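In: Any chance you could fold what I've pasted below:
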Amino acid sequence: MTFPTKLCLLTILISFLSFTQPIASLRILGLFPYQMRSHYVMCEEVMRGLAAKGHRVDVYSHFPLKKKLPNYHDYSLVGTLPAVSNNVTFEVAAIDSAPVSLKHWLESSGLSICKLLEHPIFQKLLHDPPMDPPYDLVITELCLSNCYIPFGRRLNVPVIGVVTPPLLDWQFDPFGTPINLATDPSIYSSHVAPMSFLERLDNFVLYHRIHWAFAQHTREQDKVVERVFGPGLPNSVDLLKEVALVLVNHDLMLSGIRAFAPKVIPVGGLHVVDHNETLPKEVQKWLDDSKDGCVYFSFGSFIRMETFPRHVIEAIYKSFENIAPTRVLLKIAKPQELPPGLPSNVMTQSWFQQMQVLKHENTKAFVTHGGLMGTQEAIYYGVPLVGVPFLGDQHFNVKAYVNKGIAIKVELQEINEKSFTHALKEILHNPQYKKAAENLSQRSRDRPMSPMDTSIFWVEYIARHGKDALRSPVVDMPWWQASLLDVYGFILALNLLFLYVLWRLVRIAIGFFKPNAQVRSYSKLRKTKTDFQNNSTCPASLPCSVAQSSIDTGGLLTTPQFRNRFQCPDKLTFKTDSLKMKFLANNLYLTILISILFYTQPITSLRILGLFPFQMRSHYVMCEELMRGLAAKGHRVDIYSHFPLKQKLPNYHDYSLVGTLPAVSNNVTFEVASIASGPDMIRHWLESAGIPICRLLDLPMFQKLLHDPPMDPPYDLIVTELAISNCYIAFGRRLNVPVIGIVTPPLLDWQFDSFGTPINLATDPSVFSSYVAPLSFLERLDNFVLYHRMNWAFAQHTREQDEIVERIFGPGLPNSVDLQKDVALVLVNHDSTLSGIRAFAPKVIPVGGLHIVDHNETLPKEVKKWLDESKDGCVYFSFGSFTRIETFPRHILEAFYRSFKNIAPTRVLLKIAKPEELPPGLPPNVMTQSWFQQIQVLKHKNVRAFVTHGGLMGTQEAIYYGVPLLGIPLFGDQHYNVRAYVKRGIAIKIDRYEITEESFTHALKEVLYNPQYKKTAENLSRKFRDRPMSPMDTSIFWVEYIARHGKDVLRSPLVDMPWWQAALLDVYGFMLFSALLVIYIATKFVRIIFGLFRPFARVKIGSKLKKSD
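Out: Numbers count the residues shown, from 1 in each chain. You can find the predicted model right below:
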């Protein structure tokens, strides 16, 4: 093991020990009633891992261990259900690949699994569970049956689910995990992103069809659940909402880039654990002697290959013979049932130790049905594949591997000697497949923590913090609210009302100028509308003898161009409903338009360019700590910023921008803060700060960097802050290196789409709002409008920045919005404990609190003495490095003074940029200074409260040390932050315009003397600190990951799609058009039939028409 590897592992170990909290041994109930061995492998490894960690696990399954393990207790279900392993014939598999697949499995296996609840072994568990000690958690597999989830209610413990394939179609919504059907294939499809229009249409239909099928065909299971557990339980779909954590067999390198909710933990390959078993002597000798390589052939523990049609087996025999002297290991459940003629280069057995075979150096290829477990094992050991998929997710898996260049697909129905021999020879003799498989293996193994350690951490996390710790608010919303249908409907209704009023006004205006024409036309419309609805004797497209007096009536309701398309336009008078539909279609388009507006690998030392031209100190703190961490890891970092270090550090090289822009720190008055929080906030910041930042590119130091960058060595990465200017992203293209972005607030509204990260405006507040989920209808409406308005404002007010980028870097670059798509990785200051449960794309890494690093600085003597002597507690008062408190209106400052006096003998530390500008009258229990070492102050045991403007950095520091808050938000994300903390019970909010002696004194006393605030803050601090890795180690791992694997390794396919495709507007449009076409044809058909059976009515109507003329 190399020194860098040892150092990296030691760093991770120290991080894990310091950021995780010890937990007593748990008693865990494992319920795995599904009798398919291939599914159980992952579940068994989870339970083995937990037992090895010291937890007692009681496991109910069909596969008890052959050798007992400490803490692992088996409760055997062997014989309670028919065996599935090696029991599925070719005919059954062929039937199962038909559309009845899900129905077949839900009714044949899912229902049988549920009925096992009536077995005495489960009845005893249900009515007489152990209490010495009782269970702390339930872990169960979630697949064809959700019947065992209610054990969580009965035992009053959290339920953790294991999903052995990728997430199933019906599981996304109950788990609060978004799915974009433009890029995320249904598990039952064979599509791989990017998808064509027809593939996206098929994916959309298939996903909803599977959803419907699961709900329909689990009704019998629901009856069993009600019979066993009693009435009042949700159905099978809604039962999934009760799952506290989901361990899913998804690896983004293999199964695709997707966003997951925090409760869904991807642990793909968890089952790939080498227990160092030895191969039987004859198999070991066979592989060792396979100097020309060996092909491993297995269709898993499910499908019996010997039941294949004889012509298929004979074609496989001939193919094996054609690749000799390459040998074959063929797994066959019953070798005696194979037809004669097996070539001499083939060894058959009913079972092989698969991982030991795949890891052997002479294994050159794996012929597989595409099951996820087996293919993950092959990829782990770098073995390329020949895939013959049968059912379920196998089609998707094989197609995905073909796209990645590690597999060849052979359709089951197309197997013959020629096709199968070609596939085998290509995979064996084309080195590109082996090379691609080894590269993919390296990427799949390259993780910050092993799947097992990840799983154990999150299982223990749920035990520490409860079943709702990671619950998304979207789970508790009706589907129509979560889809914003009420918001879309309201906006559509407003637009329709507006158009209707406008149309009426136009008609009134026309009537004012042509009163006679209007009355005549309207009277004709009233008179002839009903008649024409039944007059089908003369189609509008043919000449007829109907009098032309009705043309004016038609002309009143449509355009002349539309009217003149028909030879008999008067027949269109009754088409009022169709015209309304036309108005509706146009209005829908307008509505959409309005909506738019509104495991680790060592790495050599890197050279990293840090570009931080924003002159706000509070933003730079997080950036500086990251660059310090990278330098401490041994990487050379060159930093362009306004805040060079006061003391030099190894590997850290400053390039000072001091004096190139006006200072912002301690330079914003109360009046400016008020402007900055108004409706023009974005325009103000983009133009007053964003444009000057971009203009810095004209400085000689940046020009030199641009035209004469260092080459000894050259840069490997760029790290830059992404906020009000994206101009520096373009350096990535010029230097041909990946760009990594830092977002110091939560993710900004205009960044979600560009980073491929979903946002649900029903639950995810705009960073500029003050809303916290759950949102009311009006809040969701306002959130929707605000989000789109901010997106529009950013695009509009960065045009001048775009001109600067074009002038400096040359033409052809994207605009400021699309430049964000060039970013390879985003480190965002988000923590789900504080800023809410959200799903992020893999390239967006939440590292909330990254800046909280205690450098063990000592407080100045007078400050330390002040705090040490504050026996009755101390309040720390600071509005950060931005807003000057001394510029507040005098009546507010005097209210502060009187409130400080009212809480004496409690003391106050007041951070004031210019204390000399304060009005007289400051009480003696207040100490003022222009700067305090904030972390050292907040961690002091006598600090009882923090008065803050709600800036994210400072409040995170306070929460880290368990200090409750009194929030006075001014602008930006501060309103949201404070309201979120109020909801969590650690803060009181005061509006800055409502500050009086009474309100401020009351708030201070409440935070200081109500112990609930302190207790809640300490609880939240524990959750905030409780992570599998520290934010710093997480950041460094992913920065190095991008350096190892390139800028596109985490890129979502969503980023490269037009917005209308990503939103599936073409699919919705096609389906709407199809529905309207069906309705139109059905209406015409009904009218024709009606006319055939009512001929006299038609004559009568015609006579009425002539009479009316």
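
In: alpha carbons only for contacts and neighbour counts from here, please
Out: Will do.

In: show me the residues around residue 129 that make contact.
Out: Residues in contact with residue 129 (CA atoms under 8 Å, 6 or more residues apart in numbering) are residue 155.

In: Please repeat the previous calculation with a cut-off of 10 Å.
Out: Listed by CA atoms under 10 Å, 6 or more residues apart in numbering, the contact partners of residue 129 are 122-123, 135, 154-155.

In: Among those, list the two that are farthest apart in space.
Out: Greatest spacing in those, by CA to CA: 123 and 135 (16.2 Å).

In: ok, the two, which is more surrounded?
Out: When neighbours are counted by other CA atoms under 10 Å, residue 135 comes out ahead of the other of residue 123 and residue 135, with 21 against 14.

In: which intervals of this protein have sub-threshold pLDDT?
Out: The chain contains residues with pLDDT under 70 at 1-23, 85-88, 92-100, 513-603, 665-667, 672-679, 1094-1109.

In: domain assignment for it?
Out: Annotated domains of the chain cover 25-271+467-481, 281-447, 607-835, 861-1026, 1063-1092 [the TED database].

In: where does residue 265 sit relative to residue 458, distance-wise?
Out: 8 Å (CA to CA, to the nearest Å).

In: Please enumerate the shared neighbours of those two.
Out: Taking CA under 10 Å, 6+ apart as the criterion, residue 265 and residue 458 both touch 245-247.

In: Near residue 485, how many other residues are there?
Out: For residue 485, the neighbour count with other CA under 10 Å is 13.

In: likewise residue 352?
Out: Residue 352 sits with 18 neighbouring residues when counted by other CA under 10 Å.

In: show me the contacts for residue 631.
Out: Contact partners of residue 631, counting by CA under 10 Å, 6+ apart, are 605-608, 625, 637-638, 649-653.

In: coming back round to it: among the contacts of residue 129, which lie within helices?
Out: 122-123, 154-155 (DSSP state H).

In: Which PyMOL command selects the buried ones in these?
Out: A single PyMOL command selects the buried members of the ones in helices among the contacts of residue 129 (16 or more other CA atoms under 10 Å):
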select buried, resi 155
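
In: Tabulate the ones in helices among the contacts of residue 129 (a markdown table), appending distance to residue 389.
Out: Shown next, in a markdown table, are the ones in helices among the contacts of residue 129 (distance: CA to CA, whole Å):
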| residue | distance to residue 389 |
| --- | --- |
| 122 | 36 |
| 123 | 39 |
| 154 | 41 |
| 155 | 41 |
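
In: Which element, helix or strand, includes residue 789?
Out: Residue 789 is located in helix 777-796, with elements delineated by DSSP states H and E.

In: ok, then the element right after that helix?
Out: Counting by DSSP H and E, what follows helix 777-796 is helix 799-809.

In: which parts of that following helix are buried?
Out: Using 16+ other CA under 10 Å as the test for burial, helix 799-809 gives 800-802, 804-806, 808-809.

In: From these, pick the one nearest residue 947.
Out: Distance to residue 947, by CA to CA, is smallest for residue 801 among the buried residues of helix 799-809, at 36.8 Å.

In: who's in contact with the closest one?
Out: Going by CA under 10 Å, 6+ apart, residue 801 touches 686-687, 690-695, 725-727, 807, 815-816.

In: Among the residues you listed, the buried ones, what's the ChimeraX command?
Out: Listed next is the ChimeraX selection for buried residues among these, using 16+ other CA under 10 Å:
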select :686,687,690,691,692,693,694,725,726,727,815,816
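
In: need the contacts of residue 801 in CSV with secondary structure, can you?
Out: Output for these, formatted as CSV (DSSP: H, G, I helix; E, B strand; the rest coil):
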residue, secondary structure
686, helix
687, helix
690, helix
691, helix
692, helix
693, helix
694, helix
695, helix
725, coil
726, coil
727, helix
807, helix
815, coil
816, helix
